[in-house]
Each structure stands twice: as C-alpha cells, then as structure tokens.
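**Student:** got a predicted structure here, sequence first:
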Amino acid sequence: CDTPRNTAPSCDRAGAGPTFEECHPPKTFVVALANHPYNSQHNAHVPSQGLVSSFTTSAKEVFANSANQSRPARVPTGATGPLSNSTTATGADTTIVLQRTFVLPAAGSVTLQFLSGYVPSNSTLRDVLAKYNGDQIRRRHRNTTIAAHHEPRESVAHATHESARLGSQAASVPSVWNASSERWRAYISQFQLAGDTIGPHVSREMQWHAYNLRAGLTFSTFRGLHVLSQGGNYMYQGGLQGAARDAVSHVLPLLYGRAADDARYVREGVKYTLSQVRDDPRTGVPGWIPWGEGANGEEDSLGFWPSDLENYLLLTASQYVLAQRDVAFLNDTVKPSNATESATTVGDALWSCFMHIKTSTGVQPSTGLITLLNVDHNDGLLSHLKPPNRSAAQWTGSSVMNSALGVYAYAQYADVLRLAGMSDRAAVVEAWTAQLRGAVAAAWTGEYYKRVHLGAANGGWRGDERDGTMWTETQAWALLANAAPNRTQALLARLDAHVRRLSPVGALNTATYHGTGDYAGVWWCGNTALVAAMGAAGAADTALQELEKNLFATHATVYPDIWFGVWSGPDTFNSVLMAADPEWAGRAEHYAGSTRTLAITFPVMNMWSHTMPLYSIMSVLGTTFTRRGVVLRPKFENDTSAALVIGTPLVGWQRRQGCCAQSGWYHPAVAGTYVIELQLTRATWQCCRRVGTTLTLVERGMRRVVQPTFNATVFSVSFSGTADTNTGLGWNFTSRSSPH
C-alpha cells in the first residue's frame, strides 16, 4: 500500500493484505451544474457565470460547535459571508463546500443542480460526469470553480478544483434525474401497507424506508460485493462494518423485492459474510465468523467473541432460498478474503458455519443451551449484567436467546437442505434443532423465558424470577422457535402488559432498568423479532399495532422536539423509563454524564431504523416460506370488513369488503408449482365455508377456477398453483352468496 494518498503506518507495510486504513481512498467530488435547457427556462435568476461564489475544504469554516456541550451538535454558520477559497484543510477537518449566490424572486423558485459522489477506481471525474450527463461534455478550465475534487487521507487532505461545463447538446440533468426518479417511484410503490383503517402516512413511510434501505447499499472494492452495512455511528464515525449479524439482517427486506433486482443484493450480502469465514482462532474449527471488519477486510472485532453470527447468517440465507426458490444459489462460488484458502460453494460454506456453532461453540451440559461466549447478539450483555467472574460467564454460560434464534433458523435451514436433496445433512440439523427446542422450553420461569445462564461461578440464571426481568428479544425468538405452543397466548399478554403498554413508541427491551440502549431502550433489532413473533402466532392486529408504534411518524408525534427519528434513526431510542434523566427519553443511546457519545453525535442512517419497518410489512401476516410454498396468516380480529392491502413485489395479500373477499400473489425467482396456505381466524374461516367461495387462479396470464382445501384444525384454506418467472401466481376469492 505504498501510496501517497494515505500515510498511515498501516499503509506503509509491505504486502497488500487486509488493513483497517483505507490506503487507496477514492476521490470524492461536488459539481455545480449549469447551461442546461432546464436552467435557461426556469432559473433566470441564477447567473451563468460565477456559479460558485466561493468554496472551501475546511469544515471549521461552515460549522461551529454548539455552546451547549451537554447536547453535542454542529451548527452551520457559513452563510454569514464568503468562504476562503482554500483547499489546504487536513485531517478530520476536511469537507467539500461550494457556496452559490442567486436571487430568489418573490413567489418564485430556483432549482440548483449538483452532482456529488466518488470517482471509482479505473475511472475519472470526466467519466462520471459523462455517465450522468451524456457523452458530449466540453471541459474548459476557467477561473470559476464549479467542481471540487477531494482525496481524503489521514494526515494530508488534497483537493483540486476544475471548471466543467456541459455542452448545449448534452443530455440534461433533469432528464437523468426524472428517469431515476421514475424508477425509484415504481420500485418503492410496490411495498404496500394501506387500508381503510390505516393512515396514509403509513404507506408513505414504508416507501421512504424502501428507498433508504436500498440506497444504503455500498460496494466493497476489497471483496467485490455489495454490502448493506449497519451504517450510523458504526460505519460513518467508527469506520466499522459490524457486526456481521447486522449486514445479513439488513438485506432481509430485500428478499421481498423484485427477483431480478433485489435478490442479487441478498445473495451478495450472504456471500459477503461468507467471504469473511475462516478457522476459529481458538479451536481451529472452520466456519468461524469475526464480529466485524475495517476498511479493507481487516478484522476489527473490538474484543467481541460472538456466539450468534452463524445463526443470523443461516437465517437470512435460508429465508432467501425458500422465499425465492433459488436452490441454485447454494452452488455459487464464495471467494475467501485469505488468498491462501480455496474457494468453496455457498452451500458448503453455510454447512461449515452450522457445524462450527454445533461442535466448536457447542452447548453447555448444565442447560443444553448454546454456549454464551462474550456476546450472543446483545454486545453489551455482560457489561450490563456485570458477572463477578466474566471468564466463567463466557466459557460456561449459555444463552436462551441465541438458542431460540438458532431453533428458528435451523428449522428453515433444514428445509433448504431437504429442498436441495441433502437429506443426510438435514437430518443432522433437525436432530440438533429438536434438542435445542427442548432446552429452550425448559428455561421457563412460569411466566416467561429466562435470558441467560452465567455459569455456576456467577450464580446461574439472569432474567429469571429472582430478578424479575423479562427480556423482550428472548421472548420473541422463543415464540418464533415454537418452543412451547401452549404458552403463546399467555406470553403475548404478558409482553403487552409489561413492555408494550408502558411505551408510547416501540416496545421496551426490558422494563426494570434505566431505559437506555440494547439493555432497556426501544431497540429496532429486538422489535423486528417481536412483530414477526406476533404475526407467526396469529396476532395480526397486535403485530400491526406494534409496527405502527415503531414508525418515525409515531416517534415524531410523541417527541416533536427531537429531530432524529423523523426521517432516520439510531440503533436504539431511550425509553420512557429514563427516570433519572427524563428529558433524554426518545433520544439516542446517551444521557447526562454518559461517556457513550457516538450514538447521539450521529443518530441517523442506522439501517435497523429502516430494516425493522420494511421487513415487518409481511411479518404482520406471519409470512412463512416452506419447502412447498408459503403460509400467510391474515388473522385480523378487528375491522374485518375494512379494505386492507399488505404486499411486496414477492408476495402480498389484499382484503376487500366481505368476509372472504381476498386476493394475493406470489412471484418467486424460480418457476414452479407451489402450495399457498392462508390461516384465518375461526370467524373468517367459518364465514368462507358458510357463504361458499370461488377461487380463481391467475397462471401465465390465464385464469382457472379451482377448489381449495379447507382445514378445520388450523382454520386454513390452501391450494396449489403454478408461478412463472414473468407474472408469478395470482389468486382471488369471491363469495358465491351473501353471508346473511
């Protein structure tokens, strides 16, 4: 990495291996645009010469620290005068700022057009401008700077400025902008949650989440794959791609996207994490996943030794294969980051990860649950619980939460293996899943599931009847694991009473601590599992209510003076239980006197704040993909005659007026004949039988009437149909007579 662009010590060492520092940072730029027909027609008050009145690469010129240091903030001040036209700023102070001067006419408008981005490797700024503005570009160097070209690095900030004019025959920026906008509009409009009893803001917000999540994708030049990093303060302040669980979780909503488009990014997200897999440094067993990494593939796990990463990876990969029927994905090649290791297939790499958690992480004999290590998805767990002997907790403790998550993931992984014809492997997974399910069921207090066993040296159980602390994420995963179906309704009622009613926004992770962070705050990650658990349990009304409580619209209404949580959010919100510092309720993970400041200084663009609502659209219906097809659970008890549509490009369901007036669609990537099962409430099911129904399938653009199968045990209606790659499978129920 002997490059003049970055003089950090790690970039001076020999070899081209992984490094935390970005040794070859791409050039970033901001370009002010002019001389378009759109400008000539609409922007007479923007001078064609002197588009940029001044510029700077120093952040200090345009931002100043707030005087209130207890509320860290950056306040723009640059509009008070011209900038310095300097490009000499260095270090963390660097930025790119262009200042433009124009006249705003009374009752008029002015549109200012910019391009901003980075120059990819093996490309130039001119190439980028040509791509987005047409090929006929004339570059004429003038005194006026309208493009700043910035190369970030550790000790020296280098900036150059050029003049760039677009020829009169060039394609206009508005045409490119409009084309892009139309594609985005067509894309986001396919994520639907709307109805007679749902406010129009819900549908709009879902589309906003669809845009933000997809726009959060970045391309790793080191791995040659797209990744949907957690973002927020983790990425944009800490420079971390971590944890691995987050990257594979954030692509989950995209498995509901278009098969020809979004599915690619789910596959790449899985392969990105698989490319990090290597032998366990402690045991030598293959299939170990590091917690996180820095800029160029260098492991940066911050001391975390997780026990859950394989489970999240297996969950995402399995849900994708089952949802899109893409068994061929298992044969894709995975290239490891270590050049000395051989390439493998996705299927074999996933098996290696499963065998690692089964044989290397393993279970504790005293509980039969997966060994805790020092992280089980809640990275601060041991710091919160403060066991006297932390080493004993790490190596002899065990996690109820992670074991329940594993049961849920492994059941789907076994289905994938069966679908792929790997029955021997499936049998191994199924046997271990059954053992773990029994161990999770045994970790019951009589009212809820315990959280963790810290080993005999630390007094055993926490999150049990002795400390009275019910952890929401553990209950959610245990419900999804179907650990003990006879406890489901009582546990849902307890969750409602103890962690949902207390909070005006999303559910609390616990209700007995000081109300902050992944310990006791409002946590997107945990509430994603909670909504899914409610939907899977058939509590569709409650799931929809919990989803709406987690929306930005709700947070903005409850906390109108807090700017984040309006258009994006942090990892967690402080809860209403911030008794010691109530003014911090609804804010990011920080409070007066806290040393944890990263979340509050960058409290937006954490992808969990967009993943949770978007993935939860179909979770409301308890959507489950199986070897045979898909199960939907529209078990709504309230407003059963109101129109409602819940849908994505992959699968959706719609209710019209009438007890059995329902329709839907399923459009996976792979053509085939699939079984659709609708599990209904007793009342709706009985109404469908009483009035009689006609089921019309739409296959390959042709309609045919079929007879569905009614199951009185689970109150389901099922049928099979053929989906092709062009139009998928559609269905429509109509009543043959009045219910009265």
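**Tutor:** Perfect, I can see it now. All values reported here derive from a predicted model rather than from experimental measurement.
**Student:** ok, now which ones touch the closest residue to residue 379 other than its chain neighbours?
**Tutor:** Using CB to CB, 6 or more residues apart in numbering and skipping the chain neighbours, the partner closest in space to residue 379 is residue 304 (6.0 Å). From N, CA and C alone the C-beta is placed, and that goes for glycine too. Residues counted as contacts of residue 304 (CB atoms under 8 Å, 6 or more residues apart in numbering) are 243, 291-292, 374-375, 379.
**Student:** and for residue 522?
**Tutor:** So residue 522 contacts 503, 505-509, 550, 572-575 (CB under 8 Å, 6+ apart).
**Student:** swap in residue 461?
**Tutor:** Contacts of residue 461 (CB under 8 Å, 6+ apart): 450-454.
**Student:** any idea what it is bridged to?
**Tutor:** Residue 461 forms beta bridges with residue 453, as assigned by DSSP bridges.
**Student:** ok, which stretches of the stretch 101-250 of the chain are strands?
**Tutor:** 114-119, 137-138, 147-151, 158-162, 165-166, 192-195, 218-220, 225-227, 241-242 (DSSP state E, counting those that start in this stretch).
**Student:** could you do the stretch 451-600 of the chain as well?
**Tutor:** Under DSSP E, counting those that start in this stretch, the stretch 451-600 of the chain gives strands at 452-453, 461-462, 522-523, 572-573.
**Student:** so how many other residues sit close to the closest residue to residue 128 other than its chain neighbours?
**Tutor:** In this structure, residue 128 finds its nearest non-sequential neighbour in residue 119, 5.9 Å apart by CB to CB, 6+ apart. The number of residues packed near residue 119 is 17, by other CB atoms under 10 Å.
**Student:** quick check: mean pLDDT of stretch 547-558?
**Tutor:** Stretch 547-558 carries an average pLDDT of 96.
**Student:** over to stretch 637-653?
**Tutor:** Mean predicted lDDT for stretch 637-653 stands at 92.
**Student:** ok, of the contacts of residue 304, which one's closest to residue 432?
**Tutor:** Nearest to residue 432 among these: residue 375, at 21.4 Å, using CB to CB.
**Student:** coming back round to it: okay but the residue nearest to residue 128 is in contact with residue 25, surely?
**Tutor:** No. Between residue 119 and residue 25 there is no contact under CB atoms under 8 Å: 10.4 Å.
**Student:** sorry, back to before: turn the strands of the stretch 451-600 of the chain into CSV, including mean pLDDT and distance to residue 230.
**Tutor:** Formatted as CSV, the entries for the strands of the stretch 451-600 of the chain read as follows, by pLDDT from 0 to 100; distance: least, CB to CB, whole Å:
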stretch, mean pLDDT, distance to residue 230
strand 452-453, 98, 23
strand 461-462, 96, 26
strand 522-523, 93, 13
strand 572-573, 91, 12
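**Student:** rebuild these as JSON lines, extending it with distance to residue 182.
**Tutor:** As requested, the strands of the stretch 451-600 of the chain are exported to JSON lines (distance: least, CB to CB, whole Å):
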{"stretch": "strand 452-453", "distance to residue 182": "50"}
{"stretch": "strand 461-462", "distance to residue 182": "53"}
{"stretch": "strand 522-523", "distance to residue 182": "36"}
{"stretch": "strand 572-573", "distance to residue 182": "35"}
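**Student:** residue 609: which of those is closest?
**Tutor:** Closest among the strands of the stretch 451-600 of the chain, using CB to CB: strand 572-573, at 9.3 Å.
**Student:** can you list contacts of the closest one?
**Tutor:** With CB under 8 Å, 6+ apart, strand 572-573 has contacts from 505-506, 516-518, 521-524, 555, 565, 586-589, 599.
**Student:** let's go with 10 Å and repeat that
**Tutor:** 503, 505-506, 508-509, 515-527, 550, 555, 559, 562, 564-565, 584-589, 599, 603, 606, 608-609 (CB atoms under 10 Å, 6 or more residues apart in numbering).
**Student:** could you list the paired strands of it along with their orientation?
**Tutor:** Using DSSP bridges, strand 572-573 pairs in its sheet with strand 522-523 (antiparallel).
**Student:** and the buried ones among the contacts of strand 572-573, selectable in ChimeraX?
**Tutor:** A single ChimeraX command selects the buried members of the contacts of strand 572-573 (16 or more other CB atoms under 10 Å):
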select :503,505,506,508,509,515,516,517,518,519,520,521,522,523,524,525,526,527,550,555,559,562,564,565,584,585,586,587,588,589,599,603,606,608,609
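**Student:** out of the contacts of strand 572-573, list just those in helices.
**Tutor:** 517-520, 524-527, 555, 599, 608-609 (DSSP state H).
**Student:** where do the helices sit along the stretch 201-350 of the chain?
**Tutor:** Applying DSSP state H, counting those that start in this stretch to the stretch 201-350 of the chain gives helices spanning 232-236, 244-250, 262-274, 309-324, 346-356.
**Student:** right, I mislabeled it, should have said the stretch 551-700 of the chain
**Tutor:** 552-558, 598-601, 608-619, 682-691.
**Student:** the first one packs against which elements?
**Tutor:** With contacts taken as 3 or more CB pairs under 10 Å, 6 or more residues apart in numbering; DSSP states H and E, helix 552-558 sits against helix 200-215, helix 540-549, helix 608-619.
**Student:** could you give the angle of the first one to helix 608-619?
**Tutor:** Put simply, helix 200-215 runs at 120 degrees to helix 608-619, going by axes from the mean of the first three to the mean of the last three CA atoms, to 10 degrees.
**Student:** now do helix 200-215, average pLDDT.
**Tutor:** Computed over helix 200-215, the average pLDDT equals 94.
**Student:** let's number from 38 now, not from 1
**Tutor:** In the new numbering, first residue 38, that becomes helix 237-252.
**Student:** now it: buried residues?
**Tutor:** For helix 237-252, by 16+ other CB under 10 Å, it's 238-240, 242-251.
**Student:** show me where the stretch 588-737 of the chain dips below the pLDDT cut-off.
**Tutor:** 616-617, 627-635 (pLDDT under 70).
**Student:** what distance do you get for residue 474 to residue 770?
**Tutor:** 35 Å (CB to CB, to the nearest Å).
**Student:** count of neighbours near residue 219?
**Tutor:** Applying other CB under 10 Å, we find 10 residues neighbouring residue 219.
**Student:** go on, residue 275?
**Tutor:** Residue 275 has 16 nearby residues by other CB under 10 Å.
**Student:** so what pLDDT did it get?
**Tutor:** Residue 275 is given a pLDDT of 81.
**Student:** quick check: phi and psi at residue 745.
**Tutor:** When read as degrees, to the nearest 10, the backbone of residue 745 gives phi -80, psi 170.
**Student:** leaving out chain neighbours, which residue sits closest to it?
**Tutor:** residue 756 (4.4 Å).
**Student:** Three-state assignment for the one you found, please.
**Tutor:** strand (DSSP: H, G, I helix; E, B strand; the rest coil).
**Student:** the strands in the stretch 338-487 of the chain, which residues?
**Tutor:** Using DSSP E, counting those that start in this stretch, strands in the stretch 338-487 of the chain cover 370-371, 381-382, 435-436.
**Student:** against which helices or strands is the last one packed?
**Tutor:** If you count contacts as 3+ CB pairs under 10 Å, 6+ apart, strand 435-436 packs onto strand 489-490.
**Student:** and what of the second one?
**Tutor:** Contact analysis of strand 381-382 by 3+ CB pairs under 10 Å, 6+ apart lists strand 370-371, helix 383-393 as its packing neighbours.
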